[in-house]
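# have a look at this prediction, sequence included:
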Amino acid sequence: MADSSDKREGRQSKRRNRSRRHNPDGTMTLIEHIYEFRRRLGYALLALVAGGILGFLWFGNRIGPIPSLGDIVTGPYCAIPAEQRYPRGGECQLLQTVPFEAFMIQLRVGLTAGAVLFAPVWLYQLWAFIAPGLYSKERKYALTFVGFASVLFAGGAVLAYLMVPHALELLTNFGGGEFATWFTGDRYISFVLSLLLIFGVSFELPLLIVMLNRVGIARYELLKKWRRGIIFLLFVFAAFVTPADPFSMIALAGALTLLFEFALQLTRLHDRKLERQRGEEGWDKLADDEAAPFDYTPSTIDDEPAKPTKAASTDDVT
């Protein structure tokens, strides 16, 4: 009985240490940090495993009106005209060249889809581990960054999926009708997933520009001066990372250019706001050897001071 009560008290003490109300500054020992990391990592891996199982089952089964994951992935390939596929005019199928290739493809696609579907769960575990060490303002910026990064990545992946059929149709037209297209499952899935990843990561460009501007590295005047060169580099980048077809390259380069222009306008608004604040506070009138009127008072962990506990108030009274 004593051992069970000690274990229960130990678990309650660990929960209190993780609680923001009992531990407002988020302080933990090194061992407690390791235990917390292990716990969060375990929950994140469980979410990934659950998502992988769901994606594996979804690969060959429809979920109500939602088509199966296999139909979604092979959709761009099946959009190629039937006379250009092998066997000509036959059923749309990928080619399996080694044993268990279909199983490994289903497993890989299922894990990828599960990681995307269960992203809020494992991202929350990552956030819950990092958040206690951040100030309230930093937590707000981090949440905004994660939210916009997720939306931009999803937008890039959707655009890539829409471009894949056009790219495949153009690439399979070469040869003057002397060739029939029959992709192996591994090569085709790798091609589609890599294209989705390239487009998704590339769409994080405006977020990176805004972050660099916030910390004072990329100012609007500098970006405006380099605008033509940056747009040229975006087209070069799109030509290297996309297949040898104009549709994917123009789609990626055009989207990145629009996102860059949008981020450029955000940096312009931010820099104007900073200049207006500097003018109102009189920083522009300071001499080079004059100290700026900063508030050097150390900041607290949270905006609101921690409320004193009953024990603390009793000690004050006594």
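Received the coordinates, thanks.
# show the contacting residues for the residue nearest to Arg62 when sequence neighbours are not counted.
Residue nearest to Arg62 in three dimensions, not counting chain neighbours: Ser68, with 5.1 Å by CB to CB, 6 or more residues apart in numbering. The way it works is simple: take the backbone N, C-alpha and C, and place the C-beta from them, glycine included. Counting by CB atoms under 8 Å, 6 or more residues apart in numbering, Ser68 touches Trp58, Phe59, Gly60, Asn61, Arg62.
# ok, the residues you listed vs Arg278, which is closest?
Nearest to Arg278 among the contacts of Ser68, counting by CB to CB, is Trp58 at 54.7 Å.
# correct me if wrong: that closest one contacts Gly110.
Yes - shown here, Trp58 and Gly110 form a contact pair, counting by CB atoms under 8 Å, at 7.0 Å.
# quickly list what's touching both of these two.
Counting by CB under 8 Å, 6+ apart, the shared contacts of Trp58 and Gly110 are Leu69.
# among the contacts of Ser68, which ones are in helices?
Of those, the ones assigned to helices by DSSP state H are Trp58.
# which of the contacts of Ser68 lies closest to Glu101?
So of these, ranked by how close each gets to Glu101 (CB to CB), first place is Phe59, at 13.8 Å.
# Ile230 and Phe260 touch, don't they?
Yes - the pair Ile230 and Phe260 qualifies as a contact (CB under 8 Å) at a distance of 6.5 Å.
# mind giving me the packing neighbours of the helix or strand hosting Ala157?
If you go by DSSP states H and E, Ala157 is part of helix 136-171. Judged by 3 or more CB pairs under 8 Å, 6 or more residues apart in numbering; DSSP states H and E, the packing partners of helix 136-171 are helix 69-78, helix 119-130, helix 185-202, helix 205-214, helix 246-281.
# in the third one, what counts as buried?
It refers to helix 185-202. Within helix 185-202, the residues scored as buried using 16 or more other CB atoms under 10 Å are 185-186, 188-189, 191-193, 195-196, 198-200, 202.
# so where's the stretch 51-200 of the chain shaky on pLDDT?
Low-confidence segments of the stretch 51-200 of the chain (pLDDT under 70): 87-90, 138, 174-180.
# hmm, 90 instead?
Within the stretch 51-200 of the chain, the stretches with pLDDT under 90 are 51, 59-200.
# any idea how far Lys273 is from Ala255?
Here Ala255 is placed at a distance of 27 Å from Lys273 (CB to CB, to the nearest Å).
# neighbour count winner among those two?
Neighbour totals were compared for Ala255 and Lys273, and Ala255 leads with 20 against 10 (other CB atoms under 10 Å).
# surely that one touches Leu159?
Yes - counting by CB under 8 Å, Ala255 touches Leu159, with 6.1 Å between them.
# brilliant, that's me finished.
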